[in-house]
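Asks: Below are the sequence and a predicted model for it; my questions follow.
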Amino acid sequence: MELRQLNATYVPEEDRILLRASFGADDDLQEIRAWLTRRLVKTLWPGMMQALETQVALDRPQVAHASTEIVSMEHEATVTDLRTRGKFDQPFSAENHRLPLGEQPIVLITTQIALEPQQAPRLQFTSARNGSFEFALNPAMLHGLCILLQESVAQADWDMALRLPGDAAILWDEDPELAGSPQRLLN
């Protein structure tokens, strides 16, 4: 099933991130609604970062030694492209979607990421009560999901830093000696 659109929104009343994913052809759109907890995001993020680096090594073994740098460059290029084309500004379209797992979001408890050479990474999410669902994310969608999660976690104020591989930036406010200084990035 083709992934069409992703949306992640922090919902303060639930202290969770609502993940919405739409799938399918124009005449048969489906939507999955799921809650991402802080605990799940805390385990999902390192797995996604490792998957990005590993996918580079699988797809281009000759440059595996530079996978961290390649992931960083690909991320910047993809995000710039997505922002230029307005993909982050389009509202999530929920018209005429079937809801195979129900109208209420399911609470996800685990996630697994499967990688194959020359194929999009596959993310499988599992719920305690409603089974599981899986989708493949092409590189643009995977980098887009990274941005959605970073923005949602920042809104949630969960005291987590979702950084990309090779992100050597140090936030001044993380150093106790520099607390209270204006927030700056050092490379």
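Replies: Sure, I can see it. Residues are numbered from 1 along each chain as shown.
Asks: any idea which element the most centrally placed residue in the chain lies in?
Replies: Closest residue to the average C-alpha location of the chain: residue 145 at 3.0 Å, with C-alpha atoms, centre = their mean. Assigned by DSSP states H and E, residue 145 belongs to helix 139-156.
Asks: Show me what that helix is packed against.
Replies: strand 3-11, strand 16-23, helix 38-59, helix 67-84 (3 or more C-beta pairs under 8 Å, 6 or more residues apart in numbering; DSSP states H and E). C-betas here are computed from N, CA, C, even on glycine.
Asks: among these, which is the most enclosed?
Replies: When the helices and strands packed on helix 139-156 are scored by mean count of other C-beta atoms under 10 Å, the highest mean neighbour count falls to strand 16-23 (a mean of 20).
Asks: of all the helices and strands packed on helix 139-156, which lies closest to residue 151?
Replies: Minimum separation from residue 151 across those (C-beta to C-beta) falls at strand 3-11, 7.7 Å.
Asks: neighbouring strands for the closest one, and are they parallel or not?
Replies: Its sheet considered, strand 3-11 pairs with strand 16-23 (antiparallel) by DSSP bridges.
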